[in-house]
Structures are given as C-alpha cells and as structure tokens.
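>>> build me a model from this:
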Amino acid sequence: MIFSKIDFINLLPFHIFIKKTIKSSQLKSIIEYKKSYPSYISNKFKKRKVDSAFISSIASRNEKFLDFGIVARNEVLSVLLIPGIEAKDYQSKTSNALADVLNLKGEVIIGDKALKFYHDNPNSLKLDLAKEWQKKYNLPFVFAVLCYNKHEKRLKKLTKNFNKKYIKIPQYILEQYSKRSGVSKENILKYLEKIDYDLGYKEKRALKLFLNLTKEKRI
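The predicted structure follows:
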C-alpha cells in the first residue's frame, strides 16, 4: 500500500502513532511512504499513483474517505491571510479556495511557514482563515480528509485505535521539527492542541458546505 503523507507539523501525532503501530505489525511490509505538500499529494492521488493519502478537502469531492482528517475547530494558526495584494499559496488549493469563499483578499500562507510567521510577527495584521470560517458559519473547518483508492480495511484497522490524547511526541522528534520549521518546541505543542482528526456530524456538514460553496463560485 502506497501511503502519501503531508509533511507538515499538523500530522505529527498521527505519524508518531503510525510509526509505533507499524513497528509492531505486518503493516510494516505493506506500507510505503511518499511525502510532500497537500496540492502535490492530491494530484498524485487523483492520478492513482498512491493508494491512500490525506487529500486537500477541495480535491476530495467524489472520492472515498474515512471519518478521519485534519480539522480546526477555531483558530488554526497555520493557515493565514495577510490582507493586501492577492497571492495564492501553491501548496494548498483548499486554503486558497477558503479565502475566496470568505471573500477575503490578500496573501495566503499555509503550513509550517505560516506557523512561524504567526509567532515571528505578533503585531502584524493577519487573518486566521479557520477562525474566519468559524465566525461566519459556526462550524469547524476540515482542511483534509484521509482518502483511499483501495485497502479500506487496512486503513480502518490502522486508524481505529488512534487517539491524539495518548500520543507522546519524543523530544528528539520535537527538536527535529523545531529546527526544520523555526518554531519552538513549546509553540509546536500548543499548536497541536488546536488540531483534531475525527470527522463527526459537524465536520462532515462543514465539509459539505465548503464543497457546495466552492461549486457555486466555480472554484
């Protein structure tokens, strides 16, 4: 099974969980990792070059997915819009579309670089797109969902025991991500408290609304 992963901090707890799970199971021999940024992974998945992946929400229309994704219930800190001259972030079609749906103009930045910008520029004007969505629709925002082309049973088995509360991130891994991103270990841990992964009724409703709005706007 070829599994693509978004190589951002927001999926760090899940990657730690998978790493531990694979070590103790036969899944180790059937999972091959491919990692990159959201829009690249979505394109590979659409071309069926990978079997499963966290797919950017806007690309998940008509795809099969589990009740699992990347969710923000209020502010997310890693998907920002800097008001002013409009500029898209090539790494995420969903975040660009979210700015359009909210009728917000400016520069979109996402992922670890956005998180670093948030902490490095506390006094600069910036909008948290997940928070803006929540203020307008009173719903969480789903940035990505775990989609699959095959191996549904294996994926369900892999994810059913995941619980973010019980995932302890080793200090050496925190150190690696901190050095790579420029975000302190403390701020990484605080950020991860804002990320959820389960898709329940509200999350599915939010995803459906977002996809309907993008369709209306022909995004």
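
>>> when you work out contacts or count neighbours from here on, use the C-alpha atoms and nothing else.
Will do.

>>> I'd guess residue 144 is in a helix, am I close?
No. Assignment of residue 144 by DSSP: H, G, I helix; E, B strand; the rest coil gives strand, placing it outside any helix.

>>> now do it against residue 68, distance only.
Using Cα to Cα, to the nearest Å, one gets 9 Å for the distance from residue 144 to residue 68.

>>> so for those two, which sits in the more crowded spot?
A count of neighbours by other Cα atoms under 10 Å puts residue 144 above the other of residue 144 and residue 68, at 24 against 21.

>>> I'd say the more buried one and residue 57 touch.
Yes. The pair residue 144 and residue 57 passes the contact test of Cα atoms under 8 Å, sitting 4.6 Å apart.

>>> can you show me the strands along this structure?
Taking DSSP state E, the strands of the chain run over residues 2-6, 32-36, 52-56, 65-72, 79-83, 106-110, 127-128, 141-148, 195-198.

>>> tell me the most buried of those?
strand 52-56 (a mean of 27; mean count of other Cα atoms under 10 Å).

>>> nearest to residue 209, of the strands of the chain?
The closest approach between residue 209 and any of the strands of the chain, judged by Cα to Cα, belongs to strand 141-148 at 10.0 Å.

>>> given that closest one, what are its sheet partners and their directions?
Note on strand 141-148: by DSSP bridges, its sheet partners are strand 52-56 (antiparallel), strand 65-72 (antiparallel).

>>> reformat these as CSV; add mean pLDDT.
As requested, the strands paired with strand 141-148 are arranged in CSV below (pLDDT from 0 to 100):
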stretch, mean pLDDT
strand 52-56, 85
strand 65-72, 94
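
>>> which one of these lies nearest to residue 114?
Evaluated over those, closeness to residue 114 peaks at strand 65-72, with 15.0 Å, by Cα to Cα.

>>> right, I'll leave it there.
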